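J.: Following is a predicted model, sequence given first.
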Amino acid sequence: MESLEEIKARVEASVTGAAVEIVPNDAPCQQRSLRVGREKAREVAEFLRDDPRLRLDYASNATGVDWPDTVTKQKVKVKKQINGVEQEVEETLEERKPGCLEAVYHLYSMALKQGPVILRVRTADRMQGVHLPSLTPVWRGAEFQEREIYDLYGIVFDGHPDLRRLLMWEGYRHHPMRKDFVEPDDYEYEPTPHDEVLEKAKAHYPADGGTQGGTA
Amino acid sequence: MTGSYSTNEFLAVLLLVAILFPIGPLLAAWSWAKFMCPAKPGPHKNAIYECGLESKGDAWVQFRSEYYLYALIFLVFDVETLFLLPFAAAFKGLPLGAFAAMLFFLLLLVEGLVWAWRKGLLAWK
Amino acid sequence: MIDEGLRNELSKQGVVVTGFQDLYNWGRKNSLWPMQFGLACCAIEMIATAMARFDLSRFGSEVFRNSPRQSDLMIVAGTVTKKMAPQVVRLYNQMSEPKYVIAMGACAISGGPFKQGYNVLKGIDRFIPVDVHIPGCPPRPEALLHALITLQEKISKETFTGPGRPRHLDPNAPSEFPIPVCGPDDLTPPSNPEVWRPPTMVRED
């Protein structure tokens, strides 16, 4: 199979306006992925599926990633006027980068027995701009996977034929796989708690040290 | 020896046993249930079973008319068989006219069967 | 009721003496029909118990009924998710009296290895009364048979009147348990206080 650079070049040549970049991977598997801008994601997907040299017709997996807002602090030496004397003062600059959500697709080719090519599509932000074009019309296998991503991360896929919650129930308010998800507090009884579970359970212990109870 | 007893006494015993034999266990079951199985109904307990979900709508389904027609045709031919039974039992002693009359009876009913067949009532849709 | 020595003597002579209560309990405990309720991996062990090697039907659990109305015993085998919990409680309600529950496996007892999951109900005994708990992940078929025998011993100790009454003869026992509703954050209510109260723990710090 051709390398990711070649695929990127051909995608950019074929789909105008597609913002494609290669995401490096430092892990031992060295599995790099293609990140595509969400405006042209559907066209890029159709190109990947229909191109005779790629024929990536099988979306084996679709999953989501939550990139939370990051705050990076940088210490910078700045010349400042303090009481009339020019001094060099160290200041900490806070750079706040907004986070986003990302959908990752693993694509294989059943016709040409090649793959995988990993496709990533990012949303605008984590609040209101969580819409992405749905790739279910391109690969049918992404139908339930995108429902799961909607359920657990909150990415809304435009063009999905049946976007409902899959694992959690209708009417559930939260998206459990987000980094800022707070679990409901039902850790009343823990026989052998430790670490963070102990912290959660302690909130239910009586403060004055009640009687040692047996089973309910 | 049954000489000194009349038939009526035996009949009386038979009637008594015939009434008590089914009624006895029924009474026993009813009184056991009254004391040992107190009713514990509840709105969810009596609701229609649908694998743990709330049932939408009735449990009544539309009755298929094929069942009714099947039963009707069965009834007709069963009664015909019933009439054929004494004829078959007394076949050897009957004159030819009786045979002809029975054949006429049979042919009438066969005509009914042919009518049902032509109407498509014997095919289950 | 009758002296054990006398009973043994009589049975040696071929006379069996029993009481109404023993007969009633004996009939009930040896014919517990389970309801098919395999939710997850413990269901495989339950199926294995029902098959030829560890035969469950020799204890009277001949058939696994599909309908709760025809079964006496609900073996909750597997993780109960919060989405499934209302259905479990509704099915338990729809079983006819007398009914018993075995919580099989760590997940049904307290949430098990998936206790920290967002969709896992931390034990089915939060909503329905459980008679026997089987620890294990999954418990071996012998463990399920041991649980069934334990339940049979529990049934044989039940009395018609008094505090040892089974639930179906007790007019104070509720006829059905409230079904939780899947609310916006969690199940509403998260547990049934009449059925389950967390034991009071002592803070060690």
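T.: Sure thing, it's come through.
J.: Spatially nearest residue to A:A124, not counting backbone neighbours?
T.: Leaving aside its sequence neighbours, A:A124 sits nearest to A:C100 (Cβ to Cβ, 6 or more residues apart in numbering or on different chains; 6.7 Å). Bear in mind the C-beta positions are built from the backbone N, C-alpha and C, glycine included.
J.: The one you found and A:M127, how far apart?
T.: 10 Å (Cβ to Cβ, to the nearest Å).
J.: ok, those two, which is more surrounded?
T.: A:C100 (19 against 11; other Cβ atoms under 10 Å in any protein chain shown).
J.: For A:L107, which three-state class applies?
T.: strand (DSSP: H, G, I helix; E, B strand; the rest coil).
J.: and the gap between it and A:A18?
T.: 16 Å.
J.: Test my guess that the residue nearest to A:A124 contacts A:T123.
T.: Yes: in this structure, A:C100 is within contact of A:T123 by Cβ atoms under 8 Å, at 5.0 Å.
J.: Just the buried positions in stretch B:90-97, please.
T.: Residues of stretch B:90-97 classed as buried: none (neighbour count, 16 or more other Cβ atoms under 10 Å in any protein chain shown).
J.: what's near enough to touch A:Q31?
T.: When contacts are counted by Cβ atoms under 8 Å, 6 or more residues apart in numbering or on different chains, A:Q31 touches A:25, A:116, A:118.
J.: For chain C, which segments are assigned as helices?
T.: Secondary structure of chain C by DSSP state H: the helices cover C:4-12, C:20-29, C:42-50, C:85-94, C:106-110, C:141-156.
J.: how far does the first one sit from the chain's center?
T.: Looking back up the chat, that one is helix C:4-12. Put simply, helix C:4-12 sits 34 Å off its chain's centre (Cα atoms, centre = their mean, to the nearest Å).
J.: Provide the contact partners of that helix at residue level.
T.: By Cβ under 8 Å, 6+ apart, the residues outside helix C:4-12 that reach it are C:16-17.
J.: Let me see the mean pLDDT of it.
T.: Mean pLDDT, computed over helix C:4-12, is 87.
J.: quick one: the residue nearest in space to the middle of chain A and chain C, what's the gap?
T.: Centroid-nearest residue in chain A: A:V65, 1.6 Å away (criterion: Cα atoms, centre = their mean). Going from A:V65 to chain C by Cβ to the nearest Cβ, to the nearest Å gives 17 Å.
J.: what's the least confident stretch among the helices of chain C?
T.: helix C:4-12 (a mean of 87).
J.: host element of the residue nearest to the centre of chain A?
T.: If you go by DSSP states H and E, A:V65 is part of strand A:58-67.
J.: Which element is encountered next along the chain beyond that strand?
T.: Once the chain leaves strand A:58-67, the next helix or strand it forms, by DSSP H and E, is strand A:70-82.
J.: which helices and strands does that following strand pack with?
T.: Contacts defined by 3 or more Cβ pairs under 8 Å, 6 or more residues apart in numbering or on different chains; DSSP states H and E place strand A:70-82 against strand A:85-97.
J.: now chain A, which segments are flagged as low pLDDT?
T.: A:81-82, A:206-216 (pLDDT under 70).
J.: can you map out the helices along it?
T.: A:4-14, A:41-50, A:142-152, A:195-202.
J.: how distant is the last one from the center of its chain?
T.: Relative to the chain's own centre, helix A:195-202 is displaced by 28 Å; criterion: Cα atoms, centre = their mean.
J.: Same question for stretch A:55-62.
T.: 19 Å.
J.: how about the helices of chain B, start to end?
T.: Secondary structure of chain B (DSSP H): helices located at B:7-36, B:65-89, B:96-119.
J.: Give me the contacts around the last one.
T.: Spelled out, that is helix B:96-119. B:73, B:76-77, B:80, B:83-84, B:87, B:122.
J.: Could you report the pLDDT at B:L109?
T.: Per-residue confidence at B:L109 stands at 92 (pLDDT).
J.: list the contacts for the residue nearest the centre of chain C?
T.: Relative to the mean C-alpha position of chain C, the nearest C-alpha, by Cα atoms, centre = their mean, is the one of C:V101, at 1.7 Å. Listed by Cβ under 8 Å, 6+ apart, the contact set of C:V101 reads C:73-76, C:92, C:124, C:128-132.
J.: Report the separation between it and C:M95.
T.: Distance, C:V101 to C:M95, using Cβ to Cβ: 9 Å.
J.: so what's in contact with the two at the same time?
T.: Common neighbours of C:V101 and C:M95, using Cβ under 8 Å, 6+ apart, are C:M74.
J.: By proximity to chain A, which residue of chain B wins?
T.: Chain A sits closest to B:L53 of chain B, with a gap of 12.4 Å, by Cβ to the nearest Cβ.
J.: ok, the closest residue to that residue other than its chain neighbours - how many residues close by?
T.: Leaving aside its sequence neighbours, B:L53 sits nearest to C:Q87 (Cβ to Cβ, 6+ apart; 6.3 Å). Using other Cβ under 10 Å, C:Q87 has 17 neighbouring residues.
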